[in-house]
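> all I have is the shape, not the residue letters:
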């Protein structure tokens, strides 16, 4: 029976390939999930949509939409452009940055 040998470089290459495949699959699945959450809402949001997005009471939504930088449609009252709302949330979300190491993780 022939003897099979594998070099350390080959072993390391196979290991890294497996890790990269898992990482790429995980990133893809997370991207799909994020897109489902974002695009499951209509292009123009109402206060009721914002209650669901922020997971807060309507009184809290009223405080949020009173913030001058919160995106609103100019000519239609109480309507909010979805893409700009999600962009605003990303731009104004500092809790994760301040309280976790989430965005500073290294790829393993």
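Structure's in. What do you need? This is a predicted model, so every value here is computed, not measured.
> tell me the SS of residue 14?
Secondary structure, DSSP: H, G, I helix; E, B strand; the rest coil: residue 14 is helix.
> do you know the pLDDT at it?
With respect to pLDDT, residue 14 scores 87.
> got it, and residue 3?
Note on residue 3: pLDDT of 73.
> ok, it to residue 11 distance?
From residue 3 across to residue 11, the span is 16 Å (C-beta to C-beta, to the nearest Å). For glycine as for every other residue, the C-beta is placed from the backbone atoms N, C-alpha and C.
> shaky segments in the protein?
Counting by pLDDT under 70, the chain contains low-confidence ranges at 1-2, 95-96, 99-108.
> all strands of it, in order?
44-45, 80-81 (DSSP state E).
> picking up where we left off before, neighbour count winner among residue 3 and residue 11?
Between residue 3 and residue 11, counting by other C-beta atoms under 10 Å, residue 11 is the more crowded of the two (10 against 4).
> for that one, what are its contacts?
By C-beta atoms under 8 Å, 6 or more residues apart in numbering, residue 11 lies in contact with nothing.
> give me the most central residue, this protein.
residue 34 (5.2 Å; C-alpha atoms, centre = their mean).
> residue 39: how many residues sit nearby?
By other C-beta under 10 Å, neighbour count at residue 39 equals 12.
> if you could redo that for residue 93, that was the one I meant.
Residue 93: 10 neighbours (other C-beta under 10 Å).
> can you check residue 72 too?
By other C-beta under 10 Å, 14 other residues sit near residue 72.
> same thing with the one 5 residues further on?
One way to gauge burial is a neighbour count; for residue 77, by other C-beta under 10 Å, it gives 7.
> next one: residue 61
21.
> I figured it hits residue 46, correct?
No - taking C-beta atoms under 8 Å as the definition, residue 61 is not a contact partner of residue 46, at 9.9 Å.
> now residue 8: how far from residue 21?
Separation of residue 8 from residue 21 (C-beta to C-beta): 20 Å.
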